[in-house]
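Colleague: pasting a predicted model and its sequence here:
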Amino acid sequence: MAETKVARRYAKSLLDLGMENNNTDVLNQDMITVASAIKANRQLAVMLKSPVIHAYKKDAVLKEVFSGKISDTSLEFMRLITRKNREYFVEDIAHAFLEIYKANKNIQSASVTTATPLDAKLRDEMVAIVKKATGNTVELHEEVDPAIIGGFILRWGDNQIDSSVVSRLSALKQDFNKSFIQK
C-alpha cells in the first residue's frame with residue numbers, strides 16, 4: 001500500500017508538471033514507453049529494484065536506455081527519482097501516471113474477452129455499453145479466448161458483464177445440481 005501511495009504521489013507530481021508545461025500527452029506516451037520497456041526487459045526491472053546496485057549506475061542505465069526515446073522532462077524526472085533512491089518505484093509510477101492521466105482526460109479502460117475476434121459493429125456495441133455506464137471516452141482492449149466458447153466478458157473498473165457460454169453452462173450445471181440434490 002505504501003508503494004502505491006509513493007507511486008501515486010510522484011505520478012501526480014509528473015502530471016502537474018505536464019499540465020503546467022502543457023505536455024501531458026507527451027508524458028503519457030513516455031510513461032507508456034517506460035512501462036512497456038520495464039515489462040519487456042526483466043533485467044531492467046530487476047536492476048531497478050536491486051538494493052546492491054548503486055543509484056548512480058541505475059541513473060546511467062536509465063539515461064542510456066531511454067535517452068532519445070522519451071522526452072527530456074520524463075528522463076530528468078526518472079533521473080530525479082533515482083537520485084532520491086526511489087528508482088524501485090519507476091514502473092509503479094509509470095502505471096500510476098497512466099491511471100491518473102486517463103482519469104484526468106475522462107478515459108475509461110475496458111477489456112472484452114470473446115471466443116473469436118470482434119467485428120467493427122460488435123466493438124462499437126461494447127464501447128457504447130461502457131460509455132453509457134460511465135459517460136467517459138472508452139479505451140477498449142480486446143482478448144480472444146476460445147475457452148469461453150461464445151458470447152463475451154466485458155470488464156471496466158469494478159464492473160463485469162459475463163455473457164459467455166461457458167458461464168451460462170456453469171450456471172445451468174449449478175441449477176441442475178441444486179434441483180437434483182433437493183429431490
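Modeller: Cool, the structure landed.
Colleague: I'd say residue 144 and residue 116 touch.
Modeller: Yes. Residue 144 lies in contact with residue 116 (C-beta atoms under 8 Å); the separation is 6.6 Å. (Each C-beta comes from the backbone N, C-alpha and C, glycine too.)
Colleague: where does pLDDT dip in this protein?
Modeller: 1-3, 182-183 (pLDDT under 70).
Colleague: strands of that one, residue ranges please.
Modeller: Using DSSP state E, the strands of the chain run over residues 107-114, 137-144, 152-156, 159-162.
Colleague: quick one: which of those is nearest residue 43?
Modeller: strand 137-144 (26.8 Å; C-beta to C-beta).
Colleague: what sits against residue 154?
Modeller: By C-beta atoms under 8 Å, 6 or more residues apart in numbering, the contact list for residue 154 reads 110-112, 126, 129-130, 160-161, 163.
Colleague: filter these down to the buried ones.
Modeller: 110-112, 126, 129-130, 161 (16 or more other C-beta atoms under 10 Å).
Colleague: can you lay out the contacts of residue 154 as JSON lines showing distance to residue 29?
Modeller: Formatted as JSON lines, the contacts of residue 154 follow (distance: C-beta to C-beta, whole Å):
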{"residue": "110", "distance to residue 29": "21"}
{"residue": "111", "distance to residue 29": "21"}
{"residue": "112", "distance to residue 29": "24"}
{"residue": "126", "distance to residue 29": "25"}
{"residue": "129", "distance to residue 29": "28"}
{"residue": "130", "distance to residue 29": "23"}
{"residue": "160", "distance to residue 29": "29"}
{"residue": "161", "distance to residue 29": "31"}
{"residue": "163", "distance to residue 29": "34"}
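Colleague: picking that back up, mind putting the strands of the chain into a markdown table with distance to residue 170?
Modeller: Formatted as a markdown table, those follow (distance: least, C-beta to C-beta, whole Å):
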| stretch | distance to residue 170 |
| --- | --- |
| strand 107-114 | 15 |
| strand 137-144 | 19 |
| strand 152-156 | 13 |
| strand 159-162 | 10 |
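Colleague: tell me the domain ranges of the protein?
Modeller: Using automatic domain parsing, the domains assigned to the chain come out as 2-103, 106-182.
Colleague: deepest of the ones you listed, which one?
Modeller: domain 2-103 (a mean of 17; mean count of other C-beta atoms under 10 Å).
Colleague: if we can go back for a sec, go through the strands of the chain and name the closest to residue 77.
Modeller: Judging the strands of the chain by C-beta to C-beta, what sits closest to residue 77 is strand 107-114, at 21.8 Å.
Colleague: other SSEs contacting the closest one?
Modeller: Counting contacts by 3 or more C-beta pairs under 8 Å, 6 or more residues apart in numbering; DSSP states H and E, strand 107-114 is packed against helix 90-104, helix 120-134, strand 137-144, strand 152-156.
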